[in-house]
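Chemist: Let's see this in three dimensions:
(one chain, ligands or ions: 1)
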Amino acid sequence: MKIGIPRALLYYNYYPLWHSFFGDLGYQVVISPATSRAILDSGVMSCVDDACLPIKVFHGHVASLIGKVDAIFIPRLVSIYPKEFICPKFIGLPEMIKSSIKGLPHLLVLNCNAHRNLDAAYKAYVELGKMLGVKRSQAVRALQKALINQQLYESLLKKGQTPIDTLNEDKSIGESKGVIGLIGHPYLLYDEFISMGLISKLRARGYVVMVPENVAQSHIEAVCKELPKKLFWSYGKKLLGSGLAMLKGRKVDGIIFLSSFGCGIDAFIIELLQRYNHRLYQIPSALITVDEHSGQAGFNTRLEAFIDMIEWRNSREGHISPHGTSVLGH
Ligand code: SF4
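Modeler: Below is the predicted model of the structure:
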């Protein structure tokens, strides 16, 4: 039996876990191809208009698996950390897919909810195994092995790799001119079609990239504890906490926020990060928002201008525009 996994949304975070779990149970795992214009267009055509770009892309990946697999894995992620939630679009994902795409094979829905504790989330995998007709003990063993693979993967990320590096053979970074922090959801940053090769472009210009997955969860928690209010959104916390950790430790020469048009979480997280940055750190920053109409030309121009600005600033010893201050700098 072939199980298809869409290469979209949190695939970039959990693919070692999912791949290992199904593979260990004896299923052939088929990953949808890398995002392309055809996949994006098919997602846009099938999905409701007001969904965000990553959700549309997910629809396109599901459609691309039809006819190639016996079942498609759709994770319903209600919560991934205790006492926190994730964007509601992840909760309704299986229903959105069922109502929007015709001719689907069997859907394997994982009902993952770690709101009470992580064990409750792990039980969902055992339940999924039972749905597939495997024994409980076999599903538990496969899950234990999959969790070890997931931990190994996360330890590589903590050492500075990005999920793209773990998927590709070429991990060369070359000589570094500086470090650029990238803040964005994994399905934006690591999907090379949506991010228009942002990571490769920065590396080609001689920059090392630092991404949210490179920042330890304990560090994110510590930084977020200093905020006046608790953040209940796991990814909002991850983006804000990792961005603040990069800024606070002055670990980056510049920071780029990559956002999807229409994302409610990004709208306030990025605004908060920018405010903290302007008030406390003044590290060069740029916001790039993508949607289904974004093109390479405009994207490249923004990126080039941002890198030029960092390099000019470095060569002029930190001189910054006098906009908003008197000529004496008061
Ligand atoms: S967090 Fe934003 S980008 Fe991600 S699924 Fe929700 S609305 Fe879309």
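
Chemist: alpha carbons only for contacts and neighbour counts from here, please
Modeler: OK.

Chemist: Show me the strands in the stretch 1-150 of the chain, by range?
Modeler: Per DSSP state E, counting those that start in this stretch, the stretch 1-150 of the chain carries strands over the ranges 2-5, 28-31, 71-79, 106-113.

Chemist: Does the closest residue to residue 92 other than its chain neighbours have any beta-bridge partners, and if so which?
Modeler: Leaving aside its chain neighbours, residue 92 sits nearest to residue 76 (7.2 Å; criterion: C-alpha to C-alpha, 6 or more residues apart in numbering). Residue 76 forms beta bridges with residue 111, as assigned by DSSP bridges.

Chemist: how much space is there between residue 76 and the ligand?
Modeler: The gap separating residue 76 from the ligand is 12 Å, by C-alpha to the nearest ligand atom, to the nearest Å.

Chemist: cool, and residue 29?
Modeler: 24 Å.

Chemist: If the nearest residue to that residue once chain neighbours are set aside is in a bridge, with which residues?
Modeler: Among residues not flanking residue 29 along the chain, residue 3 sits closest, at 5.0 Å (C-alpha to C-alpha, 6+ apart). Applying DSSP bridges to residue 3 gives these bridge partners: residue 29, residue 71.

Chemist: Enumerate the positions of stretch 15-30 that are buried.
Modeler: By 16 or more other C-alpha atoms under 10 Å, the buried positions in stretch 15-30 come out as 15-22, 24-25, 28-30.

Chemist: and if you look at stretch 280-294?
Modeler: 283-286, 290, 292.

Chemist: which stretches of the stretch 151-300 of the chain have low pLDDT?
Modeler: Residue ranges of the stretch 151-300 of the chain with pLDDT under 70: 167-175.

Chemist: That one: helices as residue ranges?
Modeler: Counting by DSSP state H, counting those that start in this stretch, one finds helices in the stretch 151-300 of the chain at the ranges 163-167, 186-189, 198-204, 217-225, 234-248, 264-276, 296-315.

Chemist: Residue 80: what's it in contact with?
Modeler: Neighbour list for residue 80: 86, 112-115, 118, 121, 234 [criterion: C-alpha atoms under 8 Å, 6 or more residues apart in numbering].

Chemist: Got a ChimeraX select line for the buried ones in the residues you listed?
Modeler: Burial among these is assessed by 16+ other C-alpha under 10 Å; the matching ChimeraX selection reads:
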select :86,112,113,114,115,121,234
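
Chemist: picking up where we left off before, let me know whether the residue nearest to residue 92 touches residue 108 as I believe.
Modeler: No: with contact defined as C-alpha atoms under 8 Å, residue 76 does not count as touching residue 108 (10.0 Å).

Chemist: any idea how far whichever residue of the stretch 101-250 of the chain sits closest to the ligand lies from residue 46?
Modeler: The stretch 101-250 of the chain approaches the ligand most closely through residue 185 (6.7 Å), counting by C-alpha to the nearest ligand atom. Note on residue 185: its distance to residue 46, by C-alpha to C-alpha, to the nearest Å, is 23 Å.

Chemist: between these two, who's got more neighbours?
Modeler: A count of neighbours by other C-alpha atoms under 10 Å puts residue 185 above the other of residue 185 and residue 46, at 23 against 18.

Chemist: Is that one in contact with residue 235, as I believe?
Modeler: Yes: the criterion here is C-alpha under 8 Å, and residue 185 meets it with residue 235 at 7.4 Å.

Chemist: which non-adjacent residue is nearest the spatially most central residue of the chain?
Modeler: The residue lying closest to the centre of the chain (C-alpha atoms, centre = their mean) is residue 186, at 1.0 Å. Nearest residue to residue 186, sequence neighbours excluded (C-alpha to C-alpha, 6+ apart): residue 12, at 6.3 Å.

Chemist: Tell me who's in contact with the one you found.
Modeler: By C-alpha under 8 Å, 6+ apart, the contact list for residue 12 reads 163, 186-187, 190.

Chemist: give me the residue from this structure nearest the ligand.
Modeler: For the chain, C-alpha to the nearest ligand atom, closest residue to the ligand: residue 263, 3.8 Å.

Chemist: picking that back up, okay, now the residue nearest to residue 92: neighbour count?
Modeler: Neighbour tally, residue 76, other C-alpha under 10 Å: 20.
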